[in-house]
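Enquirer: kindly return the folded structure for what I paste below:
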Amino acid sequence: MFLILFLGASILVVLEDDLINALVFLALGSLLLIMLIYLYRALDVALTFAVVNSAATTILFLVVIKKLEVKK
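Expert: Presented below is the predicted three-dimensional model:
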């Protein structure tokens, strides 16, 4: 179930034109992957992945998108 939802979120990331929405789908896919890793009882890997991917990477992408945003 989680892998199917992860695949759906990954497809939405690729198909989305708006970068902010793509970032939201990327964070959703990461959250689903973290929950799958947690269900396999790899708690240390899930915690590390949650901190690095969901928090740091998402914030970094938001800052880069904001700085590189083309003025309309």
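
Enquirer: drop to CA atoms for contacts and neighbour counts, all remaining ones
Expert: Noted.

Enquirer: secondary structure class of Arg41, three-state.
Expert: coil (DSSP: H, G, I helix; E, B strand; the rest coil).

Enquirer: how many neighbours does it have?
Expert: 11 (other Cα atoms under 10 Å).

Enquirer: report pLDDT for it.
Expert: Here the pLDDT value assigned to Arg41 is 94.

Enquirer: residue contacts, it?
Expert: Not one residue lies near Arg41 by Cα atoms under 8 Å, 6 or more residues apart in numbering.

Enquirer: chain neighbours aside, what residue packs nearest to the spatially most central residue of the chain?
Expert: By Cα atoms, centre = their mean, the chain has its centre lying nearest to Ala27, at 2.3 Å. In space, Ala27 comes closest to Ser54 once its chain neighbours are excluded; the distance is 5.9 Å by Cα to Cα, 6 or more residues apart in numbering.
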